[in-house]
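Visitor: Fold the following for me, if possible:
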Amino acid sequence: MQKPQGTFYITTPIYYVNDTPHIGHAYTSILADVLTRFHKLAGDETFFLTGTDEHGQKVQQAADKRGVTPKEHCDAYSVRFREAWTQLNVGFDKFIRTTDPEHIRYVQDMLTIMWDKGLIYEKEYEGWYSVGEERFFTEKELVDGKDPVSGRPVEKIREKNYFFKMSSYQDWLIQYIEDHPDFILPEFRRNEVMGFLRQPLNDLCISRPKSRLAWGITLPFDADYVAYVWVDALFNYRSAVAGQEFPGGKSVWPADFHLLGKDILTTHAVYWPTLLKAVDAPMPRHLLAHGWWLFDNARMSKTTGNVVNPLAMKDIYGVDAFRYFLIREMVLGQDASFSEAALVQRLNSDLANDVGNGLSRILKLAATGLGSRLTPITAQGPGGPNIFAATGDAPLIGDDEIHLHRTAEATVSSALEKVRQLKLSFAVEDVLQLIRAVNRYLEIKAPWKLAKEGEAGKARLNAVLYHAAEALRIGFTLLHPVMPAKMEEALAALGIGSARDSSLNWGAWAAEGPLSSGISLFPRVETAAKTGDKTGGDGTVSPSGQSPGNKGVTSAPKADPFSLVHLKVAQVESVADHPNADALYVLELRIGEETRTVCAGLKKHLAKDELQGRKVVMVYNLKPANLRGVESRGMILAAQDAAGKLWPADPGDAQSGADVTAEGIAPQPKMDLTLKEFEKAPLRVKSGTVWYREHQLRTSQGVVLAKAEDAAEVR
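Guide: Numbers count the residues shown, from 1 in each chain. Now for the predicted structure:
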């Protein structure tokens, strides 16, 4: 990510006015909002544009069907997107509509420039036209005689139209992309565009006759025609900020980032740059194409009925939990799968267990031991924080505090760098690691014991809680762009007026309280046991739709015990001795883009270098457990060989983060699986591989191996 010099202009695509806001729209807008807020956090002047695309044949047809004018139809439907973004806390600076008079004039001015330069010509054309995509296709482009994009029928049309000499810019565009390798992101999307440009580039039909389509922007040089909707729409990014400057005096254009879904990459990466070049306008810095949200590994669509309503998710789980899930779950540029179960798992594990629990512990301990007031420790001495004592020999600041301080500073650096690299999900995980470090610090320091040790104990309690609160304050400030409302609430509980008052520097918190008490930032969501349940009066949630008390809801068939287990491939990133248990290692595991701490009883069996870098299979949904002061979030599967040595199960060539399943058993993972529940699905070794009863464990790359005799238990 190229860092703007103190300014940041970002756009979403403008959303088609006939659509209903769905998870794809919501993700793009929330992503733009999160990036904007991070740049504000870095001190940049920002501008965030979104809006609606309101011209074209489908709009005209929908208006005719409703018995209203196209403009009345757009006025009624455009507001749904504006209201949706308000409800999802998307803080855009301008909401453009392509029916805005200023935009219409701008498009006509740009077309006049191109006409005057001889870049537009008239000719009769015959081709296959798709109403759904509002574009012509050649015979070769059709798939089974249908529109290659949507699969809808096409019709043969012969008519006079106006064309833009896009083909004359093909060599220029290829050279520009080669000279600016980060113009199209991620890299594999750039490669797609370059592959497209290896074929001859046709000229672009930029008009539609009013005899067929009257709802559009009239061409300035022929009143019998309107502009092709894509030409009209693409100019919105520039028309919205024409002549506009940031408060510091710098021009808003060019945009730093155009966000778009991968399905509209060609129009933005080929049509748009050539149109800008034709009017001698500067190019945007980056086009960022993200993937699709999938449901059951299929693209969401109205036809199949698997579209996720973001406002429904917001109503059930809260705005910030939904925003967090979208940003945390999708690696930018790749597809991601949506499920309510995964959302609930993130909410309970990351937000309730880690973020909410860390804050709650500090507030309760401060309330009971210090009257909800903390005294900042800001004194500095030679070589770092001042190590001073409550009684003369009990330091208030020691190695643990210095380590937490340094961890917080390192997290600020790493998280912001990952944001600049557009690795948002990784940046969020870095912050979660800081918050988990706070929880581990509290377990080690056991502050609940200090309040019982008189005034000296209270001084040490204040020091422990201050360091924990300061680390959390920095973590909450970093998470504010993702969860603005909840992080404002969390910072307020720590005595901070708002995120604007919270810097990313250690020791910036100078307030002496009082702290709030009794706050429940992210209540856990307990899944209901019956199939028909969605949200009951007791707050339980499950996927299908009715409350637990509803009559007529039948119990689900008893699930196979293994279906409740969620196994994943993980890679061992680091191995350390457990501070309080001789038989345990503390492992940092990388699961895809996520990192977790897991305690493993392998110290007597394997040296550290035998584990370092190894790929293992872990029980991903096991309920977190505190093992001698260290929270363990999962369990590694291992089997014992004939010599009594434990060896982790081997997932072979599978990538970190891949799922491990049992052939023939549909997974229905249970949140916070207990060890007792896991033991109801015993795993055994057979012919060097791992089996559950008669079902072999596999990844997408092959079977799971085990270095043990037949019938050896794997756990």
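
Visitor: Next, the residue lying closest to H405 once chain neighbours are set aside: secondary structure please.
Guide: Excluding the flanking residues, the one nearest H405 by CB to CB, 6 or more residues apart in numbering is W506, at 5.5 Å. Quick note: C-beta positions are derived from backbone N, CA and C, even for glycine. Look at W506: counting by DSSP: H, G, I helix; E, B strand; the rest coil, its state is coil.

Visitor: residues near W506, how many?
Guide: Residues near W506, counting by other CB atoms under 10 Å, number 19.

Visitor: Over to F196?
Guide: F196: 13 neighbours (other CB under 10 Å).

Visitor: how close does it get to G333?
Guide: Between F196 and G333 the computed distance is 17 Å (CB to CB, to the nearest Å).

Visitor: before we move on, back to that, my guess is the residue nearest to H405 contacts E409, does it?
Guide: Yes. Between W506 and E409 there is a contact at 5.9 Å, judged by CB atoms under 8 Å.

Visitor: just to revisit the earlier point, tell me the contacts of the residue nearest to H405?
Guide: For W506, the residues meeting the contact criterion (CB atoms under 8 Å, 6 or more residues apart in numbering) are 405, 408-409, 470, 474.

Visitor: SS state for W128?
Guide: On the three-state scheme (three-state DSSP), W128 is labelled strand.

Visitor: Which residue, other than its chain neighbours, is closest to it?
Guide: Nearest to W128 is V154, by CB to CB, 6+ apart, at 4.2 Å.

Visitor: dump the residue contacts of the one you found.
Guide: Contacts of V154 by CB under 8 Å, 6+ apart are 128-130, 137, 142, 145-147.

Visitor: tell me the helices in the stretch 51-200 of the chain, going along the chain?
Guide: Using DSSP state H, counting those that start in this stretch, the helices found in the stretch 51-200 of the chain span residues 57-66, 70-87, 101-116, 170-179, 187-197.

Visitor: how close does the residue nearest the centre of the chain sit to D350?
Guide: Nearest to the mean C-alpha position of the chain, by CA atoms, centre = their mean, lies I327 at 1.6 Å. Per CB to CB, I327 is found 11 Å from D350.

Visitor: for Y228, same thing?
Guide: For Y228 relative to D350 (CB to CB), the value is 45 Å.

Visitor: Those two: which has the busier surroundings?
Guide: Per other CB under 10 Å, whichever of Y228 and D350 has more neighbours is Y228, with 27 against 22.

Visitor: And the pLDDT for the more buried one?
Guide: Looking at Y228, its pLDDT stands at 94.

Visitor: pLDDT at the residue nearest to it when sequence neighbours are not counted, what is it?
Guide: Distances taken as CB to CB, 6+ apart put I206 closest to Y228, at 4.8 Å, once the chain neighbours are dropped. For I206, the model assigns a pLDDT of 96.

Visitor: Is I206 in contact with F136, as I believe?
Guide: No. Counting by CB under 8 Å, I206 sits too far from F136 to count as a contact (11.5 Å).

Visitor: for the closest residue in space to R80 that isn't next to it in sequence, phi and psi?
Guide: Distances taken as CB to CB, 6+ apart place P21 nearest to R80, at 6.1 Å, with adjacent residues excluded. Backbone torsions of P21, given as degrees, to the nearest 10, read phi -50, psi 120.

Visitor: residues in contact with the residue nearest to D109 when sequence neighbours are not counted?
Guide: Excluding its sequence neighbours, the residue lying closest to D109 (CB to CB, 6+ apart) is P220, at 7.9 Å. Residues in contact with P220 (CB under 8 Å, 6+ apart) are 108-109, 111-112, 115.

Visitor: Buried subset of these as a PyMOL selection?
Guide: To isolate the buried ones among the contacts of P220 in PyMOL, judged by 16 or more other CB atoms under 10 Å, type:
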select buried, resi 108+111+115
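
Visitor: for the contacts of P220, which one is nearest R440?
Guide: R440 lies nearest to D109 out of these, by CB to CB, at 60.8 Å.

Visitor: what about A581, how many neighbours?
Guide: Number of residues near A581 (other CB under 10 Å) recorded here: 16.

Visitor: Now do it against S251, distance only.
Guide: 61 Å.

Visitor: Out of the contacts of W506, who's the most crowded?
Guide: I474 leads the contacts of W506 on contacts (other CB under 10 Å) with 28 neighbours.

Visitor: just the helices in the stretch 601-715 of the chain please.
Guide: Under DSSP H, counting those that start in this stretch, the stretch 601-715 of the chain gives helices at 608-611, 675-679.

Visitor: Likewise for the stretch 201-350 of the chain?
Guide: 229-234, 236-239, 265-266, 272-278, 310-317, 319-329, 340-346.

Visitor: just the stretch 401-550 of the chain next, same as before
Guide: 424-445, 454-479, 484-493.

Visitor: Which one of the ones you listed lies nearest to G243?
Guide: Within these, the stretch nearest G243 is helix 484-493; the backing value is 30.8 Å (CB to CB).

Visitor: Tell me the gap between the closest one and the middle of its chain.
Guide: 20 Å (CA atoms, centre = their mean, to the nearest Å).

Visitor: Compute the inter-axis angle for that helix and helix 454-479.
Guide: 160 degrees (axes from the mean of the first three to the mean of the last three CA atoms, to 10 degrees).

Visitor: in this structure, which segments are predicted with low confidence?
Guide: Within the chain, the stretches with pLDDT under 70 are 1-5, 296-306, 378-395, 510-513, 527-558.

Visitor: The same query, at a cut-off of 50, please.
Guide: Confidence mapping of the chain against pLDDT under 50 gives the ranges 1-4, 379-394, 528-557.

Visitor: Including distance to K686, could the helices of the stretch 401-550 of the chain go into CSV?
Guide: As requested, those are exported to CSV (distance: least, CB to CB, whole Å):
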stretch, distance to K686
helix 424-445, 36
helix 454-479, 46
helix 484-493, 48
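
Visitor: what separates the spatially closest residue to W115 that is not a sequence neighbour from E122, distance-wise?
Guide: Spatial nearest neighbour of W115, excluding adjacent residues (CB to CB, 6+ apart): F221 at 4.9 Å. To E122, F221 is 10 Å away according to CB to CB.

Visitor: try P220
Guide: Taking CB to CB, one finds P220 at 14 Å from E122.

Visitor: Beta-bridge partners for T595, please?
Guide: R590 (DSSP bridges).

Visitor: Enumerate every residue touching it.
Guide: Counting by CB under 8 Å, 6+ apart, T595 has contacts 429, 433, 573, 588-589.

Visitor: and what of A463?
Guide: By CB under 8 Å, 6+ apart, the neighbours of A463 are 377, 396-397, 401.

Visitor: Please report phi then psi for Y585.
Guide: phi -100, psi 150.

Visitor: Neighbours of V308, how many?
Guide: Around V308 there are 17 other residues, counting by other CB under 10 Å.

Visitor: Just give the closest residue to it, not the sequence neighbours.
Guide: I23 (4.1 Å).

Visitor: Would you indicate which residues of stretch 64-72 are buried?
Guide: P70.

Visitor: ok now it, how far from the chain's centre?
Guide: 37 Å.

Visitor: for stretch 577-585, same thing?
Guide: The answer for stretch 577-585 is 35 Å, by CA atoms, centre = their mean.
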